[in-house]
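In: quick one, structure for this:
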Amino acid sequence: MKKCFPLVVAIAAGAGMMVSCSNNDDVMMLAGNTQAASSEGEALYQKAKAADDAGKTTKAIKQYENVADKYPFAPSSAQARFRQAELLEQRGEVQKSFDAYQKFLTRYQGSGLYSTALERQAKMAQGAADGEVKSSFLGLRSKLSTDKVVEMLSKVRDNAPRSATSAKAQFTIGELYQGKKKAKEAIEAYRKLVRDQPESSYAPEALFRVGVVLMEEADRGNRNQATLDLAGEAFQDYLLQYPGHSKNAEARRLSKNLNSRELQRSVEIAEYYDKAGQYESAKIYYREVLRKAGSGAAYDKAKARLKELGE
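Out: Alright, predicted model coming up:
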């Protein structure tokens, strides 16, 4: 009669629980199975390395992958996964190589190759982003979609949280969306960087870009007052949070430009209501012109018209 009982064994990566349904004399120690599997994995690794040394790259990649997938506890499994990613990178297979490095980084965090893998993966994602931006600018189709590149950059960010690499990846996500004129996504990406890593070297530029993106939205026709107000607030936040940053003068110039736009918009609305005979509404915006202008031609014109309307 078969019996089902828990078999608890300790393996290199930790303790595992397994339920075995077998005759007692058929039960084998998992540690022994793991040791045998490791030996098989090492034998396959040596075959992969021989193929690699002989220049048989396709065969080596496949065998390295098999070592890492099927024999994760083999001593050379980390090296196998790393070399698989490296060979794919050398062949220009960006997505496959990136994914292989990701598997390595997820599983082998204690490996001496971890930092190298992280650096190469980050470089690959940034390269894909640069190519995607350049392709967009030149009107060509990129090999990888924006969504795919953003996914890659997000993994780089999460693999090295609160690091310069992470900040750069998040900033690049904002740049990609800005280049695609996806204002909402760009602003969210830039604000996430400022929120998560306010002390990073990329954060001041990110907050400055929030104002720039909102101004770009206004230039594309989204000229409602809320957009202009948000742009002004972003520039003011930037100036307060990062005084002395290289874009301070530009932010002040753009803020002044925003004030001019807002003033002109109030003038246009006041005149619209005036011509339509909606004088009470016109008065509201003429008063707004006085408040925003303080002096000058627009101020004088609004004051004169308000007097004609009984104020």
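
In: quick check: mean pLDDT across stretch 177-186?
Out: Computed over stretch 177-186, the mean pLDDT rounds to 94.

In: repeat for stretch 215-228
Out: On average, stretch 215-228 scores 76.

In: which parts of that stretch are buried?
Out: By 16 or more other CB atoms under 10 Å, the buried positions in stretch 215-228 come out as 215-218, 228. No exception for glycine: its C-beta is placed from N, CA and C like everyone else's.

In: with stretch 49-58 instead?
Out: Using 16+ other CB under 10 Å as the burial criterion, the residues of stretch 49-58 that qualify are 49, 51-52.

In: now swap in stretch 297-311 and tell me
Out: Within stretch 297-311, the residues that count as buried by 16+ other CB under 10 Å are 298-299, 301-302, 305-306.

In: so what's the gap between that stretch and the chain middle?
Out: Distance of stretch 297-311 from the chain centroid (CA atoms, centre = their mean, to the nearest Å) equals 51 Å.

In: and stretch 220-235, by the same measure?
Out: Relative to its chain's centre, stretch 220-235 lies at 24 Å (CA atoms, centre = their mean).

In: cool, and stretch 285-299?
Out: Counting by CA atoms, centre = their mean, stretch 285-299 is centred 43 Å from the centre of its parent chain.

In: how about stretch 161-181?
Out: Between the centre of stretch 161-181 and the centre of its chain there are 5 Å (CA atoms, centre = their mean).

In: output it as PDB, restricted to C-alpha atoms.
Out: C-alpha atoms of stretch 161-181 as PDB (Å, rounded to 0.1, in the frame of the first residue of the first chain):
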ATOM      1  CA  PRO A 161      16.600  51.100  -6.400                       C
ATOM      2  CA  ARG A 162      17.700  54.600  -5.200                       C
ATOM      3  CA  SER A 163      20.900  54.500  -7.300                       C
ATOM      4  CA  ALA A 164      22.200  56.800 -10.000                       C
ATOM      5  CA  THR A 165      21.400  54.000 -12.500                       C
ATOM      6  CA  SER A 166      17.800  53.900 -11.300                       C
ATOM      7  CA  ALA A 167      17.400  57.600 -11.500                       C
ATOM      8  CA  LYS A 168      18.800  57.800 -15.000                       C
ATOM      9  CA  ALA A 169      16.400  55.000 -16.100                       C
ATOM     10  CA  GLN A 170      13.400  56.800 -14.700                       C
ATOM     11  CA  PHE A 171      14.400  60.100 -16.200                       C
ATOM     12  CA  THR A 172      14.800  58.400 -19.600                       C
ATOM     13  CA  ILE A 173      11.300  57.000 -19.300                       C
ATOM     14  CA  GLY A 174      10.100  60.600 -19.000                       C
ATOM     15  CA  GLU A 175      12.200  61.600 -22.000                       C
ATOM     16  CA  LEU A 176      10.700  58.900 -24.100                       C
ATOM     17  CA  TYR A 177       7.200  59.900 -23.300                       C
ATOM     18  CA  GLN A 178       8.000  63.500 -23.800                       C
ATOM     19  CA  GLY A 179       9.400  62.800 -27.200                       C
ATOM     20  CA  LYS A 180       6.200  60.900 -28.100                       C
ATOM     21  CA  LYS A 181       4.100  63.900 -26.900                       C
END
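
In: many thanks, have a good one.
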